[in-house]
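K.L.:
quick one: sequence and predicted model below, then my questions.
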Amino acid sequence: MTLIVQKYGGSSLGDADGIKRVAQRIISTRKAGHQVVVVVSAMGDTTDELHDLALQVSPMPPARELDMLLTAGERISMALVAMAIANLGFEARSFTGSQAGVITDSAHGKARIIDVTPGRIASALADGAIPIVAGFQGVSQDSKDITTLGRGGSDTTAVALAAALGAETCEIYTDVDGVFTADPRIVPAAHRIPRISYEEMLEMAASGAKVLHLRCVEYARRYAMPIHVRSSFSSKEGTWVTHAPDPQSEEDAMDQPMITGVAHDRSEATITVSGIPDKVGVAASIFRTVASASINIDMIVQSTSRTTGQADISFTLPRQDVPAAMTALRDVQGEVGFTSLVFDDSIGKISLIGAGMRSHPGVSAEFFGALADAGVNIRMISTSEIRISAVVDAADLDPAVTATHRAFGLEDGETEAVVYGGTGR
């Protein structure tokens, strides 16, 4: 019997009927001759509701207690799914992240998985039971406290378990029929991508595509674990996330499109540090300060004035991290010597992704031309080997995505881009 790990998102488990439908799909997989391990997210918007409740009680809830609260959502889901499976005549056993052997560091709210020791999961499988695991959570190796992995962490739980158990594949069930060339909510004519490489999916996830979590794809690439993204609301084939096509294969080279998709991100902000002395080591001091606050930076632009001898540095970061970054930078203003600090949260990022752009000149010109034709002003630019990103005004983001998608011929006239659950997860 082959082993398959299945993860079901909150939209798939939104109510009792959804939970029963998920249980039936799990049993169908089992009856097809596979062993199944299931990872579940919290029902619907439970995590958001719990977080809002915490903020009503305390404007700054302790991180340890917030993690303890937020993990309740997945524990509710795992128990209900196990009950639904039992009602269909099969044995299921529910496990929290710590019971499943998900061991993390001690960074509450954004913990990273250090190890997975799924002894109890393996025992349940050996007994013929279906393990149901609460995603998004683990236990700190040092403090033994409950931790959470950050938004989308259930994806990472599923892939980590699949790798630890030697599963054949990891199926991620969501409310869309796979990975699309753009967000169907913005571009209804977006079409499903049958197969995408880990590298391209990493760029898509890092650029704002919410169908898969970034750490989940990183983990899958590290352990060469195939991910099958599917909808729990339909039986369509979905999208396979696997290794990159073989560059030596003529067939793979012909099948590889120039552009895979267009991603966007509304969750970032910019901080501009102005009046920086133009001397060695100042930029390093600024970014060390931000890093010491455990904040990841995305795009960076520096401009230097020849007349004043001063520089300005602008960078993008997650909007939720702006207060911490501003506080940390103000604390070193006297030491670094910059004159002012300004943030802007009315921005959006659009990214063009495709491994095929390595061998196709003119992609940048076409991309920026499409933005210009749509009347979209560019504020920052960043590139990698297979990605071009631009920061634009938030109000211009939807038109930018639509214009870019059309300019690269990614619309195919089909109407398959259906969002079943309405939340995107």
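P.N.:
Perfect, thanks for sending it.
K.L.:
and residue 143, what helix or strand is that in?
P.N.:
Taking DSSP states H and E as the definition, residue 143 sits outside all helices and strands.
K.L.:
the spatially closest residue to it that is not a sequence neighbour: what secondary structure?
P.N.:
Once flanking residues are discounted, residue 143 sits nearest to residue 106: 5.1 Å by Cβ to Cβ, 6 or more residues apart in numbering. To be clear about C-beta, it is placed using only N, CA and C from the backbone, and glycine gets the same treatment. Assigned by DSSP: H, G, I helix; E, B strand; the rest coil, the conformation of residue 106 is coil.
K.L.:
beta partners for the closest residue to residue 179 other than its chain neighbours?
P.N.:
For residue 179, ignoring the flanking residues on the chain, the nearest one in space by Cβ to Cβ, 6+ apart is residue 239 at 4.1 Å. In this entry, residue 239 is beta-bridged to residue 229, by DSSP bridges.
K.L.:
and residue 239, what does it touch?
P.N.:
When the contact criterion is Cβ atoms under 8 Å, 6 or more residues apart in numbering, the partners of residue 239 are 178-179, 192-196, 228-230.
K.L.:
was I right about the residue nearest to residue 143 contacting residue 147?
P.N.:
Yes - checked against Cβ atoms under 8 Å, the pair residue 106 and residue 147 is within contact range at 6.8 Å.
K.L.:
ok, back up a step: just the buried ones from the contacts of residue 239?
P.N.:
Neighbour-count burial (16 or more other Cβ atoms under 10 Å) applied to the contacts of residue 239 gives 178-179, 192-193, 196, 228-230.
K.L.:
and the gap between the residue nearest to residue 143 and residue 168?
P.N.:
33 Å (Cβ to Cβ, to the nearest Å).
K.L.:
what helices or strands is the helix or strand harbouring residue 274 leaning on?
P.N.:
Applying DSSP H and E as the criterion places residue 274 in strand 268-277. In terms of contacts (3 or more Cβ pairs under 8 Å, 6 or more residues apart in numbering; DSSP states H and E), strand 268-277 is packed against helix 282-292, strand 310-318, helix 322-331, strand 340-344, strand 347-353.
K.L.:
do you know which of those lies nearest residue 185?
P.N.:
Of all the helices and strands packed on strand 268-277, it is strand 347-353 that lies closest to residue 185, at 14.0 Å by Cβ to Cβ.
K.L.:
list of residues touching the closest one?
P.N.:
200, 203-204, 207-208, 259-266, 268-270, 298-299, 316, 363, 367, 371, 379, 386-394, 396-397, 400-401, 404, 408.
K.L.:
and the next element down the chain from that strand?
P.N.:
helix 363-373.
K.L.:
taking strand 347-353 as reference, get the angle to that following helix.
P.N.:
140 degrees (axes from the mean of the first three to the mean of the last three Cα atoms, to 10 degrees).
K.L.:
please save the CA atoms from helix 363-373 in CSV.
P.N.:
Provided in CSV are the C-alpha atoms of helix 363-373 (Å, rounded to 0.1, in the frame of the first residue of the first chain):
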residue,chain,number,x,y,z
VAL,A,363,10.7,40.0,-21.3
SER,A,364,11.5,43.0,-19.1
ALA,A,365,10.6,45.4,-22.0
GLU,A,366,7.3,43.6,-22.6
PHE,A,367,6.5,43.6,-18.8
PHE,A,368,7.2,47.3,-18.2
GLY,A,369,5.5,48.2,-21.5
ALA,A,370,2.3,46.5,-20.4
LEU,A,371,2.4,48.4,-17.1
ALA,A,372,3.0,51.7,-19.0
ASP,A,373,0.1,51.0,-21.3
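K.L.:
which residues touch that helix?
P.N.:
258-259, 350, 352, 354, 357, 378, 383, 388, 390, 392, 400, 403-404, 406-408.
K.L.:
circling back to that earlier point, buried deepest among the helices and strands packed on strand 268-277, which one?
P.N.:
Among the helices and strands packed on strand 268-277, ranked by average contacts under mean count of other Cβ atoms under 10 Å, first place goes to strand 347-353 (a mean of 25).
K.L.:
which stretches of the stretch 51-200 of the chain form strands?
P.N.:
For the stretch 51-200 of the chain, the strands defined by DSSP state E, counting those that start in this stretch cover 92-95, 102-104, 113-116, 130-134, 137-140, 146-148, 169-174, 195-197.
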